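A.B. asks: Here's my sequence, what's the structure:
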Amino acid sequence: MIIDVRPFAGTARQSRWRFCVPGLLSVLLLLPAAAKAQREDATSSRLVPAFGVHYGTPLRFSVSAGGALDLSDRRNEGVVAVVEQGQHGNEVSAGYYRMIGRFGSGFSLRAAALRTSGEPWNADPHTTYVGAEAHLMVILGVGGRAGFMRRASKVVNGSHDSIVTLGISIGS
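C.D. replies: Just a heads-up that it's a prediction; the model follows:
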């Protein structure tokens, strides 16, 4: 089996992004756990499933699945990690989430990596982007998301060095 690594080759600037993103994700995941370890009233954390359905740019229709690690005894907050399969690409994201109230309202702030395929909206096909997204759930997990991402892969007949992700969502 031969693996083509050319799509992952890039300039020195792009290589820095490739090394920075895993480090940033690690810090985002470890900070809440470190903060909880310093509290005197710390108890066990809970791992709960996270899933969702989304429609927007650039993936069009997509579904996501992952897990949320609840790190607070008094509030529903912690870290979330999700993989997403869309009609025209895939996304992996991780970050902080917090639920507010009793009716499925909340938000999450995540670092994300997105790989497009086929015919994505407002993005170049077969391109990798990295950046951040904010998810807002208004009621019963229904809400929207917005983000900003920069190209992390080699330019191949493309004009989108950066993209804005927008969409409506149910769940994570």
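
A.B. asks: Strands along the chain, start to end?
C.D. replies: For the chain, the strands defined by DSSP state E occupy 46-57, 60-70, 76-86, 89-100, 105-116, 128-139, 142-151, 162-171.

A.B. asks: show me the contacts for residue 129.
C.D. replies: 113-116, 123, 149-152, 162-163 (C-beta atoms under 8 Å, 6 or more residues apart in numbering). Yep, even glycine has a C-beta here, placed from its N, CA and C like the rest.

A.B. asks: ok, now how distant is it from residue 86?
C.D. replies: Distance, residue 129 to residue 86, using C-beta to C-beta, to the nearest Å: 13 Å.

A.B. asks: cool, and residue 98?
C.D. replies: 25 Å.

A.B. asks: about what we covered before: JSON lines please, covering the strands of the chain and showing mean pLDDT.
C.D. replies: Formatted as JSON lines, these follow (pLDDT from 0 to 100):
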{"stretch": "strand 46-57", "mean pLDDT": "94"}
{"stretch": "strand 60-70", "mean pLDDT": "96"}
{"stretch": "strand 76-86", "mean pLDDT": "95"}
{"stretch": "strand 89-100", "mean pLDDT": "96"}
{"stretch": "strand 105-116", "mean pLDDT": "96"}
{"stretch": "strand 128-139", "mean pLDDT": "96"}
{"stretch": "strand 142-151", "mean pLDDT": "97"}
{"stretch": "strand 162-171", "mean pLDDT": "95"}
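
A.B. asks: circling back to that earlier point, which one's more surrounded, residue 98 and residue 86?
C.D. replies: Set side by side, residue 98 and residue 86 show more neighbours around residue 86, with 24 against 15, by other C-beta atoms under 10 Å.

A.B. asks: Can you name the residues bridging to that one?
C.D. replies: residue 62, residue 89 (DSSP bridges).

A.B. asks: my guess is it meets residue 57, correct?
C.D. replies: No - counting by C-beta atoms under 8 Å, residue 86 sits too far from residue 57 to count as a contact (10.3 Å).

A.B. asks: For residue 136, which non-adjacent residue is closest in space?
C.D. replies: Spatial nearest neighbour of residue 136, chain neighbours left out: residue 143 (4.6 Å); criterion: C-beta to C-beta, 6 or more residues apart in numbering.

A.B. asks: Bridged to the one you found, which residues?
C.D. replies: Residues in beta-bridge contact with residue 143 (DSSP bridges): residue 137, residue 169.

A.B. asks: What number of residues are in the vicinity of residue 106?
C.D. replies: 20.

A.B. asks: show me the contacts for it.
C.D. replies: 76, 97-100, 136-137.
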